[in-house]
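*Asks:* just a sequence and a predicted model for now, questions to come.
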Amino acid sequence: MKKAMQKLTALLLASASFLVASPAKASSLADRNYQGQKVITVNQDRPTFSKKALSTKKGAWQSYHKLDSLNRAGEADALLNKRLMPAKAREPLYWNPTAWHNKKIAGGWLYNRSHLIGYQLTGQNNNPKNLITGTRQLNDPGMLKYENQVASYIKSSSRHYIRYRVKPIFRGRELLARGVEMEAQSTGSNAVRFHVYIFNVQDGVKLNYSNGTSVVTGAAKKSAKKTVVKKAAAKKSTSSKKKIKTSTTGRIVGNRRSKIYHVPGQAGYHMNSANAVYFRTETEAKRAGYRWALR
């Protein structure tokens, strides 16, 4: 009973950290330090687009700020519409954004190549101007929650438009973004409307924002150690029974067109495409002719 209560408490604390906290001013975002709330509202959750910026006269468009002198991505802007959404499966990512010092931690990889404007919205994939180094939690559930809200709205009608802007927030000359500022406003209505800031953090890991290196804390180390012990035990059991099993837990996602499969924690794992095919193990995927994604 005591263990069950401890698990429930941990789950509630993790969920609470993604609740939207008190509003902040956009000008001060780079100076804000993470204090346990992964998402905070900005400008009382009101986007700052002008009436002119919300015009749909020129149809859907997208724009990406050029990389700065440190090779960092900047602001990504768009007027989103169904016609910009990709019709093909996403290919593997190969561009390494600034501060890309990835490593495995409990549950998977620490970092993802995070799209500023999600692939499902515009089809922009290996565009250096649209990619930053983001923690797994920044990507999902952080940004994905809002991206799915936007995608659902524009997908529902070709007449739906959303003015959208995502900006990585860097402090000084740091190479790892402190977080991302996201704004969205549906045109002609408030069906979709938000202005939030999501911290680029990962539970159990201390990040060095100057270059992206990291140190796993004691809590995460314990979790990782348990995972290693469990995998070792599973491997030993498998060997004794002369059966071949994968050490990867969870569902394997393959791309029917590229014949590449992704495991939990990889950037392409959360595939939103009709080309997705699922396997129970890596062994099963390989036998079907699929190969492991490099990232």
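*Replies:* Alright, I've got the coordinates. Predicted model, so just to flag it, every value in this text is computed and none were measured.

*Asks:* and the chain, what are its domain boundaries?
*Replies:* 17-215, 235-292 (automatic domain parsing).

*Asks:* tell me the mean pLDDT for the last one?
*Replies:* By that I understand domain 235-292. Rounded to a whole number, the mean pLDDT of domain 235-292 is 68.

*Asks:* most packed of the domains of the chain?
*Replies:* Using mean count of other C-beta atoms under 10 Å, the stretch among the domains of the chain with the greatest mean number of neighbours is domain 17-215 (a mean of 18). The C-beta positions use only the backbone N, C-alpha and C, and glycine is treated the same way.

*Asks:* where among the domains of the chain is the average confidence lowest?
*Replies:* Ranked by mean pLDDT, the domains of the chain end with domain 235-292 at the bottom, a mean of 68.

*Asks:* quick one, helices of the stretch 1-150 of the chain?
*Replies:* Chain-ordered helices for the stretch 1-150 of the chain, with DSSP state H, counting those that start in this stretch as the definition, fall at 2-16, 119-122, 136-137, 144-155.

*Asks:* distance of the residue most central in space within the chain relative to Asn112?
*Replies:* Most central in the chain under C-alpha atoms, centre = their mean is Asn139, positioned 1.7 Å from the mean C-alpha point. Asn139 is 4 Å from Asn112, where distance means C-beta to C-beta, to the nearest Å.

*Asks:* please apply the same query to Tyr164.
*Replies:* Taking C-beta to C-beta as the measure, Tyr164 and Asn112 are separated by 20 Å.

*Asks:* and His101, by the same measure?
*Replies:* 13 Å.

*Asks:* got it, and Pro47?
*Replies:* Relative to Asn112, and taking C-beta to C-beta, Pro47 is found at 25 Å.

*Asks:* now for Gln185: which residues touch it?
*Replies:* Gln185 makes contact with 47, 49, 54, 162-163, 192-193 under the criterion C-beta atoms under 8 Å, 6 or more residues apart in numbering.

*Asks:* before we move on, which element is it in?
*Replies:* Secondary-structure element containing Gln185, defined by DSSP states H and E: strand 179-186.

*Asks:* name every strand pairing with that strand and say which way it goes.
*Replies:* Based on DSSP bridges, the pairing partners of strand 179-186 within the sheet are strand 162-169 (antiparallel), strand 193-199 (antiparallel).

*Asks:* for Val42, which of the ones you listed is the nearest?
*Replies:* strand 193-199 (4.7 Å; C-beta to C-beta).

*Asks:* what's the next secondary structure element after that closest one?
*Replies:* Proceeding N to C from strand 193-199, the next assigned helix or strand is strand 205-207, under DSSP H and E.

*Asks:* mind giving me the packing neighbours of the next helix or strand after that following strand?
*Replies:* Under the assignment DSSP H and E, the closest C-terminal helix or strand after strand 205-207 is strand 214-216. Contact here means 3 or more C-beta pairs under 8 Å, 6 or more residues apart in numbering; DSSP states H and E; on that basis strand 214-216 packs against strand 205-207.
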